[in-house]
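> pasting a predicted model and its sequence here:
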Amino acid sequence: MQKVIMGNHALSWGALLSRAEVIAAYPITPQTEVVELLSNMCADGDLDAQFIKVESEHSAMAASMGASAAGARTFTATSAQGLALMHEVLHWATGARLPIVMGNINRAMAPPWTIWTEQTDSISERDTGWLQIYTSSIQEILDSVIQAYKVAEQVYLPVMVVLDSFVLSHTNENCDIPDQSKVDAYLPKFENAYKLDVNKPAAYGGLTGPDWYYELRYKIQKDTERSLDLFVETGKEFGEMFGREYGLVETYKLDDADTVLVSSASIASTARPVIDAMREEGHKVGLIRVRVFRPFPSDLMRKLLEGRKKVLVVDRNISFGMSGAFYEETKAALYNVKNSPPMWGYIAGLGGRDVPTNVVRDMIEQTMKEDHPSGDIIWIGVKK
Amino acid sequence: MQKVIMGNHALSWGALLSRAEVIAAYPITPQTEVVELLSNMCADGDLDAQFIKVESEHSAMAASMGASAAGARTFTATSAQGLALMHEVLHWATGARLPIVMGNINRAMAPPWTIWTEQTDSISERDTGWLQIYTSSIQEILDSVIQAYKVAEQVYLPVMVVLDSFVLSHTNENCDIPDQSKVDAYLPKFENAYKLDVNKPAAYGGLTGPDWYYELRYKIQKDTERSLDLFVETGKEFGEMFGREYGLVETYKLDDADTVLVSSASIASTARPVIDAMREEGHKVGLIRVRVFRPFPSDLMRKLLEGRKKVLVVDRNISFGMSGAFYEETKAALYNVKNSPPMWGYIAGLGGRDVPTNVVRDMIEQTMKEDHPSGDIIWIGVKK
Amino acid sequence: MKYTIPAQEVMCSGHKACQGCGAALAMRYALKALGPRTIMTFPACCWSVIDGPFPYSAVGVPLFHTAFETAAVVASGIRAGLDARGEKDVNVVAWAGDGGTFDIGIQALSGTTERNDNIIYVCYDNEAYMNTGVQRSSATPWGAVTTTTPPRHFKKERKKDMMAILAAHSIPYTASASVAYPEDFIKKLNYAKSIEGTKFLHILATCPPGWRSAPEIAVQLAKLAVQTHAFPLYEIHEGRYFKMSMNPAKKPLTDYLKPQGRFRHLTEEQVADMDRMIDERYSYLLEQAERSKPYFDAKKETK
Amino acid sequence: MKYTIPAQEVMCSGHKACQGCGAALAMRYALKALGPRTIMTFPACCWSVIDGPFPYSAVGVPLFHTAFETAAVVASGIRAGLDARGEKDVNVVAWAGDGGTFDIGIQALSGTTERNDNIIYVCYDNEAYMNTGVQRSSATPWGAVTTTTPPRHFKKERKKDMMAILAAHSIPYTASASVAYPEDFIKKLNYAKSIEGTKFLHILATCPPGWRSAPEIAVQLAKLAVQTHAFPLYEIHEGRYFKMSMNPAKKPLTDYLKPQGRFRHLTEEQVADMDRMIDERYSYLLEQAERSKPYFDAKKETK
Amino acid sequence: MLEIRFHGRGGQGTVVASKALAFAVAREGRFVQTFPEYGVERRGAPVVAFTRIDDVPIYIRSKIYEPDHLVVLEPTLIGAIDVTEGLKPGGWIIINSDKKAAEFGQFAGFKVATFDATSVALKYRLGSSAAPIVNTAILGALSKITGFVGIDAVREAVREIAPVKKDENVKAAEEAYEKAEAEQEQS
Amino acid sequence: MLEIRFHGRGGQGTVVASKALAFAVAREGRFVQTFPEYGVERRGAPVVAFTRIDDVPIYIRSKIYEPDHLVVLEPTLIGAIDVTEGLKPGGWIIINSDKKAAEFGQFAGFKVATFDATSVALKYRLGSSAAPIVNTAILGALSKITGFVGIDAVREAVREIAPVKKDENVKAAEEAYEKAEAEQEQS
Amino acid sequence: MSDEIKWKKESDMPLMAMSMGRMTVNKTGSWRNLRPVIEKEKCIKCGICWKFCPDVSIRLDEEDYPVVDLEFCKGCGICAVECPKDAITMIKEE
Amino acid sequence: MSDEIKWKKESDMPLMAMSMGRMTVNKTGSWRNLRPVIEKEKCIKCGICWKFCPDVSIRLDEEDYPVVDLEFCKGCGICAVECPKDAITMIKEE
Ligand SMILES: Cc1ncc(C[n+]2csc(CCOP(=O)(O)OP(=O)(O)O)c2C)c(N)n1
Ligand SMILES: Cc1ncc(C[n+]2csc(CCOP(=O)(O)OP(=O)(O)O)c2C)c(N)n1
Ligand code: SF4
Ligand code: SF4
Ligand code: SF4
Ligand code: SF4
Ligand code: SF4
Ligand code: SF4
Ligand SMILES: [Mg+2]
Ligand SMILES: [Mg+2]
């Protein structure tokens, strides 16, 4: 079914089609429409789910943990302050190996109060073990929720589907709503082998000393790495069934590119017409949109970037005292590589500062002009 | 005054000598002794502070924010789950530019429940804007609290003083407790130019649109970078007054070293005798202990590591789907450098797995043996 | 002109409240009572927006915007900070919506109350999460529609009795008030200022868009809430002793419900159910007030 | 032998509780009543340790260890998950200490109670943060010493009245119980199992190291707490109707206090103060129980 | 690619107008993107919304700074703000007004068309008389005047998007379509 | 560097014994490091603590796997666990016991000394009779037997560390110092 | 203080998001659909309209008559409803 | 089930920290300082000692007499205090 829907509703549709069984969520701008539509879907009987109207995001995640531990497919969504409030229990969901899927709308962190887009909220959960998909279109949001369950339930790890506040969450776009039956075929009912079961009583998460804790962490890392392959596989399978294939990254005019722009989410989307325009002018520029940020696709990035002339990474997030996260991690991934290209790091669009095509172009052009990065990150468009 | 004290009490003494005016804290193993001693110091009248016995760590940080915003010098301490529970308000303290100082005892994250040391808790706050000092001796813990206030109050940013659970928190060691009068000279009473003041009413943190939010973030980054110089300056000044100098990193037998071990906290301490032993055997090995992790001393690390033959970074933390944070960030810092050395990343000691000298030695030797890092991080000592 | 409330205006015009906003009225009154030697903290709520965007403010007193769940304890912290610095004679006020009080902020509030920290906590209750576009809170009354409780699934839980919960904390003073009765509200704030410890005020504040009502009847609706006994005005002293602030003859509940879109879907039967719940609670309050008479009589005598 | 409590043992020996641990006793009784078709969740508390380290467990039922502040809502989640999967007939139990209930977990509990989610919440109250080495909680009684309330600054706030707070939430059933009266405790759990909604049980559980008392008198102390009226056993139905489970003649308070190191520093005057507070609360309960008689009489009739 | 900017006041249905246009265009098999100027504005404050239309998927995700065309739902905004900011020369300005296009002399260099959507909205009792909801009527007019989208698609889109009074809204759009004409072309 | 391991049961003062030794050594101007085996053990369970002593600052921060010497506060542990695990040949084993050192024949290759610290502790009413606190007495004995630290420093350290009964504890240490002797050397 | 604050660059701003001016820069009169008009003849100067204005938009003139501050009045109509003498009428803004 | 679990390597373990055995592996009898000794003669088989044992360490023999399970009994002494017939004495462990 073709529809024009907003990004937030794409999350709701994704949850509906995935047959989420329990939803626990708490309102926050710009996420409210996700929950409102799900409330209505439940009220209308379109969605047969338990809806827990919790008193905070902290409890939203805790309730999700309980439901998931009991074996139910569980969905939630939040943003910024709400995500941050979940931090402890995000770690919990990972350690408890619960395949929860959560939508997060990227909004800049307070204070000062703000509601506009920035990735610092989800970036600052990069060390919690949640897998993270950064989307860049309404269609991809919906599809990613379904794919997220498919991966999550194989590696027993939680997945976050991330979208820009307003720029994606409140933008209406054409979207194909897949048939339920096809989705059911792609994503069958989940039987959690480790669920709380009165017929197989076990305690989960008991005190663990230095004797075995280390090994349990190692298992998480291995499964996280395994999810890299799964994202590729399930993305291919998705393509075969629904005509839209997804991978760890999306490349554009990359093959012969000298200068490669690496970014994510809506900035990477806006970059496409810029690449087109510059290509027409004869510049060999190309694009990598990083879609899966956790696990970071280090191998793939090495393969794609080794030997390029120049790479610029554009981050809509900042780790104070370091740099943008995509820049930092791309550098880390390409370290130890023989032909590692010089890499420029740009910060752009924090707090919802708009990043139109000309700003993207500025960054590419500045990079093309310079011989070597100065070492500092470059804040584009600060009023100075 | 010379005393033998435990790491946790070094935090308490640091707060006492800094004349903390408000303390808000919540108990958690292995931090409880910090708070218990402070409670007793208050009860005994040694410390003239307001003590807020909050109902959670979240409220500990929120109360600290209120007190700091009102102009008082504020101290708190926590660990692991408690730190994680503060995540949202950690962001808040940064955005509100509040010079709070907090002790954090590194304990591995649950589940499973555990209380032993690992840095993943504080590492997963690396994107909150808190400055972070990783200590490696009881003396340094005490001294760092005092220095932390000195830096925090100049840049209006919060500082975390980090120590290993048990390995430092519960270890008793010789410690010089400086004279109060000298500390007073080093760290005068603080007058917060931005405090809540009925004579200068202002609203702090009001809604900020894309027009100025970006610039406010830029200011934080600039002041964070400025703190790098301040850590050096105030560390020197500390040395002049107290005979113990502190910098961003501590180096050991580095000058002519081919192979450099980069680590932090207690592992870096244990590495010293290993370096000694290997030096005696004629190996040109050296050590960098990263003391200030936020801001990351990228420039200094470049200076110290450029042109070395081999570098190995040992992390007692893991960002699943990426690597240890010190490894990742050291690589990021040395990217774009001409003579960047090959770099090995080791994970060791998660969940309090002990890291004795022979394990440190193993890692150095393995590094010396290999020509080039395989690209993957190496988990030392997983039972396989 | 005879002013029945202080003439002084600490809050200014130009704020961002909707037309006919009860929360704005509540603040105007509160600041009249509190005066400029007041420090406030707001968690996320409509007032985070009403006060104005950076670099402007409407309240005229120092204001610390804080995280949604922290209002009470940030106030505790401010008080401790002032105490540490020897600054007395300043009112420290946490000002929060119902969501920030009944739901996400209840733990911090419970902690502050238990320590009996010397602050005034004002909850302006518009009975839903308004700032995010009218979602259900635990202060939303039974029967109401919000965007998360659609007509077919209207709110089925009763409004959380926050006054009772606070009273169970042995709080020295808690009182309900209404934007329709500013004199009463201001009197209560003055009393709160005069005593030590944690004081809690629960203000019903009309919200035209949230209640789907016309802005011009905002004060009328608040009045009707009291007159229909849906929102009684009373005080609880020392967590135990009740006192009705007024005991008006009951008007038909529909007078209050009809002008509000959020109750439009209710059947007559459902309205009758609601009425029963209201009467039950009201008579409980009267009963408690009766029981408490000796206490207040004794208090009067000692004065 | 005549068993006055179920013979079935779901909990096993070998657990890690200290000698004479009341919390261990409480669990043993609870599982006798609940049986094996029970799923539990524990927040951080002594029971996180008592149950045993990975890969062992003592409770014999599925158990989800959870974060300190989440017990109630994790139970809500488990219930919703079971409901979604059509698994009925399983007791979902949140089992938490006083810190996890009165302090850091009160918000999640308040939310669960407001939604009236169908779970049983058991708070075993040892009156301090024991697992971390005896720090003050808001359940610590007035006068007690903990590591954060040293003798010179012993606890000056009264024990939070959690039963009253829950009652103010209109919870269908809340009851206090004691490890010294297992028959009563088990009866109450059976009742809790029999009704829908959120049920809250508040169990006094002696803690020899925390109370600085000898392990062998653990049950005696729990009994004395009831007999001195320091910890009365009662129920509250529908948040409003009180019923004393027993009304023993009062023993001297010192019988209860003397054997406990945590009260050793109290002067006679201070003990008298404490006694007054206890009496005051006890007579309030009796008064409420009196008021509630018609309700229970009516209930009996309809049975 | 066509880029269209909508101006109105909070409560008038401005954002819905931009969405309805998008819905209609999508029904014709084309690609659309529509989004409001994201703010926390209350009722009564000026509101802006954007729609992009193309035959190929749309990747650009910034605001529209140089729209091809304008739709002004609230004529009192003209003067209060510079509605034409960034408007490309020769672009349409569709104004909800009972005045003639010629009366908007200030818009030299653009194609101005007016249509009295308010009367149509009032006729079908859309919104309140103090605040009529004019979005469906203006859409009908836009369809006729510009031809960006056909009336059939508009009809379906309006039916899909109107939360209440679906028939009346459709009728309003149809009536507007019938009545409106491109009145004046300036260049 | 000297590395010493202490064995006892929870509640016996094992950790405090290791600390008291450290305090004493520090008073003599040397460097120390002392720490317990970190666990969540309850009363009654076996407990281990460590002390390092050196003339230069101590950097190593791992556990002690090959101690130079042992102190065993609870003789019933011998047999239950292998107390000598990792103990360097020739190291001291100081045992709180009323038996003679010779009776611990299993400790061939080590220097064994016994001292009945329990009686001294009972004499000064340290702890309860069921669970006497023997740490200060054993420390006095250790000082005499090994000479690792002087009795003056021990005296001061005991006074500093004892939470109650400071005098009695000091006397216990002194009495132990006087009575104890290195009874038997095996090699 | 009540003037609009115009910064050009980052360095013009304070360290943090603190307010530097009052919301009276925000002329909310433009939100108004309906305008209150007071008939002095009917007015008894009771001050009730002043008391209930959420926007602090009624002042008193020298004679103690209420005057609406049209720069800020949002036209909510509360004053008109509350006036005991029906002295205030809401008329449509053009 | 009650046997001690001995893993050699990471791959022996389950995916997460889930229990695979019961705490009866933990022989808490070793914690004991005092041992309860029951005098059958005094015992009336009331079961009170059984009822109040926090360590589930009292069983009943075929004749319904209580027997202490010394493998687990921690020696808390509750049974001795609670026994209405003083049939239990705590004696020092050696
Ligand atoms: C942790 C967190 N969760 C959610 C939000 C989003 N949020 C902001 S205001 C608000 C509603 C506030 O409701 P209430 O307290 O009743 O105040 P009102 O808006 O009704 O005035 C919400 C849900 C937030 N800012 N922070
Ligand atoms: C967020 C968080 N803060 C603090 C802790 C540390 N902690 C673990 S158990 C505990 C005390 C629990 O007290 P209570 O709930 O009374 O249970 P008890 O230990 O007394 O049985 C504390 C403070 C934690 N695990 N998580
Ligand atoms: S939404 Fe309601 S509470 Fe919020 S500003 Fe508008 S009228 Fe006031
Ligand atoms: S500390 Fe107290 S509650 Fe905890 S296990 Fe020991 S006796 Fe039981
Ligand atoms: S209409 Fe409303 S805003 Fe205007 S003066 Fe009257 S009460 Fe004030
Ligand atoms: S309310 Fe009416 S009568 Fe009273 S002052 Fe205002 S206009 Fe005059
Ligand atoms: S002494 Fe304690 S543990 Fe042993 S049997 Fe008696 S009650 Fe049980
Ligand atoms: S309590 Fe005493 S009398 Fe009763 S069964 Fe036990 S030993 Fe026998
Ligand atoms: Mg509200
Ligand atoms: Mg407790």
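Great, that's in hand. Ligands and ions are numbered 1, 2, ... in the order given.
> residue in the stretch 151-300 of chain C nearest to chain G?
residue C:216 (3.0 Å; CB to the nearest CB). The C-beta positions use only the backbone N, C-alpha and C, and glycine is treated the same way.
> centroid-nearest residue for chain A?
The centre of chain A sits closest to residue A:133, judged by CA atoms, centre = their mean, with a distance of 2.4 Å.
> which strand or helix spans that one?
According to DSSP states H and E, residue A:133 maps onto strand A:131-134.
> so for that strand, mean pLDDT?
Average pLDDT, strand A:131-134: 98.
> which elements pack onto the helix or strand just after it?
Once the chain leaves strand A:131-134, the next helix or strand it forms, by DSSP H and E, is helix A:138-155. Applying 3 or more CB pairs under 8 Å, 6 or more residues apart in numbering or on different chains; DSSP states H and E, we find helix A:138-155 packed against helix A:7-17, strand A:101-106, strand A:131-134, strand A:159-164, strand A:172-176, helix A:180-186, helix A:213-242.
> now do the second one and helix A:7-17, the angle between them.
Read it as strand A:101-106. 180 degrees (axes from the mean of the first three to the mean of the last three CA atoms, to 10 degrees).
> once you drop chain neighbours, what's closest to residue A:8?
Nearest non-adjacent residue to residue A:8, counting by CB to CB, 6 or more residues apart in numbering or on different chains: residue A:33, 3.8 Å away.
> I meant to write residue A:40 there.
Per CB to CB, 6+ apart, closest to residue A:40 is residue C:150, 5.5 Å.
> tell me the phi and psi of the one you found?
phi -70, psi 160 (degrees, to the nearest 10).
> for it, give me the pLDDT.
93.
> make sure residue G:91 is indeed in a strand.
Yes: per DSSP: H, G, I helix; E, B strand; the rest coil, residue G:91 lies within a strand segment.
> contacts only, for it.
Contacts for residue G:91 were tallied using CB atoms under 8 Å, 6 or more residues apart in numbering or on different chains; they are G:34, G:35, G:37.
> could I have the buried ones of those residues as ChimeraX selection syntax?
In ChimeraX syntax, the buried subset of the contacts of residue G:91 is picked out as below (16 or more other CB atoms under 10 Å in any protein chain shown):
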select /G:34,35
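> filter the contacts of residue G:91 down to just the ones in strands.
Judged by DSSP state E, these include G:34, G:35, G:37 as members of strands.
> pull out the buried positions in the least confident helix or strand in chain C by mean pLDDT.
Least confident helix or strand, chain C: helix C:268-302 with a mean of 94, by mean pLDDT, DSSP states H and E. In terms of neighbour count (16+ other CB under 10 Å), helix C:268-302 has its buried residues at C:271, C:274, C:275, C:277, C:278, C:281, C:282, C:285, C:286, C:288, C:289, C:292.
> re earlier: spatially nearest residue to the residue of the stretch 151-300 of chain C closest to chain G, not counting backbone neighbours?
residue G:77 (3.0 Å).
> tell me how many other residues crowd the one you found.
Here the number of neighbours of residue G:77 (other CB atoms under 10 Å in any protein chain shown) works out to 22.
> give me the neighbour count for residue A:46.
12.
> contacting residues around it?
Contacts of residue A:46 (CB under 8 Å, 6+ apart): residue A:16.
> re earlier: mind checking pLDDT for the residue of the stretch 151-300 of chain C closest to chain G?
pLDDT, read off for residue C:216, is 97.
> sec struct for it, please.
From three-state DSSP, the assignment for residue C:216 is helix.
> was I right to think it contacts residue G:83?
No: between residue C:216 and residue G:83 there is no contact under CB atoms under 8 Å: 11.1 Å.
> quick check: residue A:139 touching residue A:178?
No: here residue A:139 lies out of contact with residue A:178, judged by CB under 8 Å, at a distance of 10.1 Å.
> show me where chain E dips below the pLDDT cut-off.
Applying pLDDT under 70 to chain E flags residues E:40-44, E:182-187.
> now for the residue of chain C found nearest ligand 9, how many residues are close by?
Closest residue of chain C to ligand 9, CB to the ion: residue C:97 (3.7 Å). Here the number of neighbours of residue C:97 (other CB under 10 Å) works out to 32.
> helices along the stretch 201-350 of chain A, start to end?
Remark: helices assigned in the stretch 201-350 of chain A by DSSP state H, counting those that start in this stretch are A:213-242, A:265-280, A:298-305, A:325-334.
> most packed of these?
By mean neighbour count, with neighbours taken as mean count of other CB atoms under 10 Å in any protein chain shown, helix A:325-334 ranks first of the helices of the stretch 201-350 of chain A at a mean of 26.
> can you give me how far that one is from the chain middle?
16 Å (CA atoms, centre = their mean, to the nearest Å).
> still on that earlier bit, got TSV for the buried residues of helix C:268-302, with distance to residue A:338 too?
Formatted as TSV, the buried residues of helix C:268-302 follow (distance: CB to CB, whole Å):
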residue	distance to residue A:338
C:271	78
C:274	75
C:275	80
C:277	75
C:278	78
C:281	77
C:282	81
C:285	80
C:286	85
C:288	81
C:289	84
C:292	84
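> in what helix or strand does residue E:33 lie?
Per DSSP H and E: strand E:31-36 holds residue E:33.
> the inter-axis angle of that strand versus helix A:138-155?
Angle of strand E:31-36 versus helix A:138-155, following the same axes, to 10 degrees, is 90 degrees.
> and strand E:31-36, anywhere near chain C?
No: using CB under 8 Å from any CB of the partner chain, strand E:31-36 stays clear of chain C, with a minimum separation of 13.5 Å.
> neighbouring strands for that strand, and are they parallel or not?
Sheet pairing of strand E:31-36 (DSSP bridges) gives strand A:172-176 (antiparallel), strand E:46-54 (antiparallel).
> got those strands as JSON lines, with mean neighbour count columns?
Shown next, in JSON lines, are the strands paired with strand E:31-36 (neighbours: other CB atoms under 10 Å in any protein chain shown):
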{"stretch": "strand A:172-176", "mean neighbour count": "22"}
{"stretch": "strand E:46-54", "mean neighbour count": "22"}
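> so which of these comes closest to ligand 4?
strand A:172-176 (55.1 Å; CB to the nearest ligand atom).
> could you give the mean pLDDT of that closest one?
So the average pLDDT for strand A:172-176 ends up being 97.
> hmm, who's touching that strand?
Against strand A:172-176 from outside (CB under 8 Å, 6+ apart): A:1-7, A:10, A:13, A:137-139, A:142, A:242, A:244, E:19, E:22, E:26, E:31-35, E:58.
> ok, the residue nearest to residue A:8 touching residue A:13?
No: assessed by CB under 8 Å, residue A:33 is found out of contact with residue A:13, at 11.6 Å.
> show me where chain C has strands.
Using DSSP E, strands in chain C cover C:38-42, C:56-57, C:63-65, C:91-97, C:120-125, C:173-178, C:199-204, C:234-237, C:241-244.
> can you check chain G too?
G:21-22, G:34-38, G:58-60, G:66-68, G:88-92.
> ok now do residue 154, which residues does it touch?
Here I'm looking at chain A. Residue A:154 neighbours (CB under 8 Å, 6+ apart): A:227, A:230.
> let's do chain E instead
With CB under 8 Å, 6+ apart, residue E:154 has these contacts: E:20, E:24, E:139, E:140, E:143, E:173, E:177.
> dump the residues you listed into TSV; add secondary structure, neighbour count and distance to ligand 4 as well.
Below are these laid out as TSV (DSSP: H, G, I helix; E, B strand; the rest coil; neighbours: other CB atoms under 10 Å in any protein chain shown; distance: CB to the nearest ligand atom, whole Å):
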residue	secondary structure	neighbour count	distance to ligand 4
E:20	helix	29	64
E:24	helix	30	68
E:139	helix	33	69
E:140	helix	28	74
E:143	helix	24	75
E:173	helix	31	72
E:177	helix	21	77
